[in-house]
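[1] Just a sequence and a predicted model for now, questions to come.
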Amino acid sequence: MDSINNIVQAEALGKQVTSPEGPLTILNDINLSIKEGESLAVIGVSGSGKSTLLGLLAGLDLPSNGRVILDGNDLSRLDEDGRAKIRNKYIGFVFQSFQLLPGLTALENTSLPLELANIDNAEELAKQRLDEVGLLERLHHYPNQLSGGEQQRVAIARAFAGKPRILFADEPTGNLDQQTAHRIIELLFKLNKENGTTLVMVTHDNEIAKLCDRQIVIAGGQLST
Ligand SMILES: Nc1ncnc2c1ncn2[C@@H]1O[C@H](COP(=O)(O)OP(=O)(O)OP(=O)(O)O)[C@@H](O)[C@H]1O
Ligand SMILES: [Mg+2]
């Protein structure tokens, strides 16, 4: 099997949860290979399982069935510490809900992961990243002093600050006006082209999806072809 260039591989991935209505299958039998340097759009209606899939591929959440292999590392064989190490080494993640730390400023939110990774000049690098997303004038604002779109841009700056090999972005332009969205998308693709960052992006925007090398559709928790 040609899996050499696959940085992410999902095998028979499934996720079931217990919901107020009883057992619920969110994802079922997802098989997916993502090549290093590829850009992939994940599309599908609300509730189809896109965010759940991203969380599993990034090792933030555990599947009920199947497994995820990240650059040869079987995530199901690792404990939370092991998965955290892999995430720190490989992954940037832009959450749909941003997940900024409320007690830290824009600059601190962006520099924290760099400091945790012992990267020199963490603050300087974080500043550069925030400049690239147009937030140089908001460095010392706390999340509750930022607009929704500004928080989203901090989340994006934080996710790509450490130049991850894989960037997962869950509707990264969902809260942005067209012009700002365009700028952010250009930035993500620049990262993809210049650094070879693998880009996995959930989007409801067909134009953005078309810019990606490949599109996959999730429907009712399954890959639809
Ligand atoms: N922890 C949970 N417990 C119960 N149900 C859940 C849980 N997490 C997600 N779901 C359900 O699973 C389905 C898929 O959720 P998911 O967040 O992956 O959808 P999505 O495709 O990202 O949707 P959207 O486009 O609205 O962001 C939804 O119907 C949701 O209600
Ligand atoms: Mg979602």
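    Sure, I can see it. Ligands and ions are numbered 1, 2, ... in the order given.
[2] Any idea which residue is closest to the centre of the chain?
    Phe168 (2.0 Å; C-alpha atoms, centre = their mean).
[3] Would you pull up how far the strand or helix carrying that residue lies from the middle of the chain?
    Using DSSP states H and E, Phe168 sits within strand 166-170. Relative to its parent chain, strand 166-170 has a centroid offset of 2 Å by C-alpha atoms, centre = their mean, to the nearest Å.
[4] What strands line up against it, and which way round?
    Taking DSSP bridges as the criterion, strand 166-170 forms sheet pairs with strand 91-94 (parallel), strand 198-202 (parallel).
[5] Quick one: name the residues of the protein near ligand 1.
    By C-beta under 6 Å from any ligand atom, the residues of the chain that approach ligand 1 are 17, 19, 24, 26, 44, 46-52, 96. Placement of C-beta: from N, CA and C, glycine included.
[6] ok, 8 Å please
    Residues of the chain lying close to ligand 1 by C-beta under 8 Å from any ligand atom are 17-20, 24, 26-27, 44-55, 96, 170-171, 202, 204, 218, 221.
[7] correct me, but the residue nearest to the centre of the chain touches Leu56?
    No. Judged on C-beta atoms under 8 Å, Phe168 makes no contact with Leu56 at a distance of 10.5 Å.
[8] Unless I misread the structure, Gln55 falls within a helix.
    No, residue 55 isn't Gln; it's Gly. Yes. Under DSSP: H, G, I helix; E, B strand; the rest coil, Gly55 falls within a helix.
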